[in-house]
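Chemist: take a look and give me a structure for this.
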Amino acid sequence: MTPSSQDPTTDAGAPEPGRRRRRRRTDDAKNAPPAKRGETPNGRSRGSSGGGGLIPASWGLTPTFRVLLFLGAIVAVMSFLLYNEYLIREVSEQERFRAELYANLYGLAVSEALPPEYSALIADRILINPTIDLPLIVTNYRGEIILEKGTGLLAGDEHPETRRKLEELMDRMDAVNEPVKAHWTTQARGRVYIDGTHVIVTDPTHYPVAWAGEDLPALVEEGDPAPIQVVNTLQEMMEAGVQPKDFTAQASNTCYLAQSGDEFIIIEMGNASPLVWGGDQLPAPTDTTAYSLVRSSYDALAAEHAPVAFQLRTEHFIHFGDTELFNRISLAPVVTLGVLCLFGLIGYVGFRNMRRSEQRSIWVGMAKETAHQLGTPLSSLSGWLELMQQRLEDLQQRGDKSEAEAVASIATEMQRDMGRLNQIASRFSQIGSVPELQSGDLGEVVTDSLNYFRGRGSQFGRHTFEADVPPLPKIPLNAELMGWVFENLFKNAIDAMIGQDGQIRVLARLDEERDEVVVVVEDNGCGIKAEHLPRVFEPGFSTKKRGWGLGLAFVKRIIEEYHSGRIQVMQSER
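Modeler: Reported below is the predicted structural model:
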């Protein structure tokens, strides 16, 4: 059985010909394998920390205390966020109350309830104040938009798209805040147009609110638009030069129109005196002493034709939305929830990394301690090999060739295995430190590992090894660690084929599209259960009775962390 002739450690530790050494047994670090660059003689990497967690181990904090500290931090942050939510709710209510107050002040400013100087003050401090970003839309009692502020749209724009946007915005405002009702005057002035056969009454905006006469439709419901026939008749009367008769009534109070021919009389509910009248058989409108006669005539007309009820309405409806500050405050709960989720995520990731770091520190410490403990017996074995070399020289001097050849063969094989053990100790000592990568041929590393197992086939069973490893371009790698990777993979494959004639196949190729080298290891073993696949590369996980769960964990770390590669189980059937 001969290992690969390309093993880089095959001749490591062999004494020079003719040199004699005395065997000494010592536990001194001088006999340990030489320390690599960046590594102390006891196998520990310089600059590494033994704590491994988010909090230095030198603080003396136990893992339980760290967990309690983390939970306490979460409780503190949640308490702060809840208090912040309470403040946000209070500020939101005050801001909404402020918006409602602004809307009511606007209603006072446009009404006759305040003296002009106070109305001007409100208009200057609120209505045209650029620092108050209260969006509002003012409509009359018919729903027509007559003013807007802070919406970014023009109320006077007659474009259908603009009107549609304003109406949609107004609906959203009404869904949040109830419109404010304001009367810009308490006394409404109306007009009566009569041409002998038709009577039309208009409100202060010259819009028809009541009518009577031949060919005119019946009165519509309040709030509905006047029929086009009434509007056209009014337009014809105005163009014909019909002089209207003005009157004043209490705003939003019910009035009644009685008409017959060219005579009409309008009275107001709760007022015994007629408001306005006209006709050849009635007294002159300027005769205030004829109120009783006009009232009697109204009763006669009302008995002949049912009077028409109407109102002169002057109220405006102020539709207002939320201020920009309120809108920003409304987003605060969402931001708060996002911050809480982010903090929880960061805490979870930090806690998970802390646990992983602690586990990693344990495995790294065990590996380095193993390398340190292997150093002493390896030094002793080197001494025993030197004694065998001396025995070989004595046999050669006595002329016992057969015995000398046997001893030389044994010493050579032991020397090669010693080199292998030194290589393994060196690998363990590199765990936890950043290895040096040099340009190398990954195919040679695969071939060396295969030759090692082929040369010791009797130790592993009746297994065959097939390799398809073409010439590959050189890549940055650490040959010792990559050799460890393939040895672990081959050993796991062999363990999965116990009790059967196994076959291990290795395929290497260059993926030109991704510019990377791909190595596939296949075997005909028992496979891995599907529920175990996600945990195959976790430290401490093993399906073997006496397994430590370190091999594949080290393989994953060597490939992904040290060589920026990937490793995965492509397929496993059981």
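Chemist: would you map the strands across the stretch 101-250 of the chain?
Modeler: With strands called from DSSP state E, counting those that start in this stretch, the stretch 101-250 of the chain shows them at 136-140, 145-149, 180-183, 187-194, 198-202, 208-213, 245-250.
Chemist: what's in contact with the last one?
Modeler: Counting contacts by CB atoms under 8 Å, 6 or more residues apart in numbering, the residues outside strand 245-250 that touch it are 186-192, 194, 255, 266, 268, 271, 275-276, 278, 285, 312. Using the backbone N, CA and C atoms, a C-beta is placed for each residue, glycine as well.
Chemist: may I see the buried residues of it?
Modeler: By 16 or more other CB atoms under 10 Å, the buried positions in strand 245-250 come out as 245, 247, 249, 250.
Chemist: repeat that for the second one.
Modeler: By neighbour count with 16+ other CB under 10 Å, strand 145-149 contains the buried residues 145, 147, 148, 149.
Chemist: likewise for the longest one?
Modeler: Counting neighbours by 16+ other CB under 10 Å, one finds that the buried residues in strand 187-194 are 188, 190, 191, 192, 193, 194.
Chemist: do the same with the third one
Modeler: Burial within strand 180-183, assessed by neighbour count using 16+ other CB under 10 Å, is assigned to 180, 182, 183.
Chemist: and if you look at stretch 346-353?
Modeler: Buried residues in stretch 346-353, defined by neighbour count with 16+ other CB under 10 Å: residue 351.
Chemist: likewise stretch 436-451?
Modeler: Taking 16+ other CB under 10 Å as the basis for neighbour counts, the residues of stretch 436-451 that come out buried are 437, 441, 442, 443, 444, 445, 446, 447, 448, 449, 450, 451.
Chemist: tell me the mean pLDDT over it?
Modeler: Predicted confidence along stretch 436-451 averages 89 (mean pLDDT).
Chemist: centroid-nearest residue for this protein?
Modeler: residue 338 (7.8 Å; CA atoms, centre = their mean).
Chemist: now do whichever strand or helix holds that residue: distance to the chain's middle.
Modeler: When secondary structure is defined by DSSP states H and E, residue 338 falls within helix 332-398. From the chain centre to the centre of helix 332-398 is a distance of 37 Å (CA atoms, centre = their mean, to the nearest Å).
Chemist: can you lay out the buried residues of strand 245-250 as JSON lines showing pLDDT?
Modeler: Shown next, in JSON lines, are the buried residues of strand 245-250 (pLDDT from 0 to 100):
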{"residue": "245", "pLDDT": "91"}
{"residue": "247", "pLDDT": "92"}
{"residue": "249", "pLDDT": "91"}
{"residue": "250", "pLDDT": "89"}
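Chemist: all helices of this protein, in order?
Modeler: Applying DSSP state H to the chain gives helices spanning 63-109, 116-122, 160-176, 228-239, 291-304, 324-330, 332-398, 401-430, 442-455, 457-460, 479-495, 551-557.
Chemist: what's the least confident stretch among those helices?
Modeler: Summarising mean pLDDT across the helices of the chain, the least confident stretch is helix 457-460, with a mean of 59.
Chemist: hang on, isn't residue 489 packed against residue 555?
Modeler: Yes. The pair residue 489 and residue 555 qualifies as a contact (CB atoms under 8 Å) at a distance of 6.8 Å.
Chemist: look up how far residue 129 lies from the residue nearest to the centre of the chain.
Modeler: Here the criterion is CB to CB, to the nearest Å. By it, residue 338 lies 34 Å from residue 129.
Chemist: swap in residue 346?
Modeler: From residue 346 over to residue 129 (counting by CB to CB), the distance is 44 Å.
Chemist: contacts for the longest strand seen in the chain?
Modeler: Taking DSSP state E as the criterion, the chain has its longest strand at strand 502-511. Strand 502-511 is contacted from outside by 442-443, 446, 450, 461-470, 472-473, 490, 493-494, 496, 516-525, using CB under 8 Å, 6+ apart.
Chemist: ends of stretch 191-209, what's the gap?
Modeler: Using CA to CA, to the nearest Å, the gap from the first to the last residue of stretch 191-209 comes to 10 Å.
Chemist: could you pull out the buried residues of that stretch?
Modeler: Across stretch 191-209, burial judged by 16+ other CB under 10 Å covers 191-194, 198-204, 207-209.
Chemist: for the residues you listed, give me TSV that also has pLDDT and distance to residue 231.
Modeler: Converted to TSV, the buried residues of stretch 191-209 look like this (pLDDT from 0 to 100; distance: CB to CB, whole Å):
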residue	pLDDT	distance to residue 231
191	93	15
192	93	16
193	94	12
194	90	17
198	88	12
199	91	15
200	93	9
201	94	13
202	93	11
203	89	13
204	84	17
207	90	9
208	92	7
209	91	12
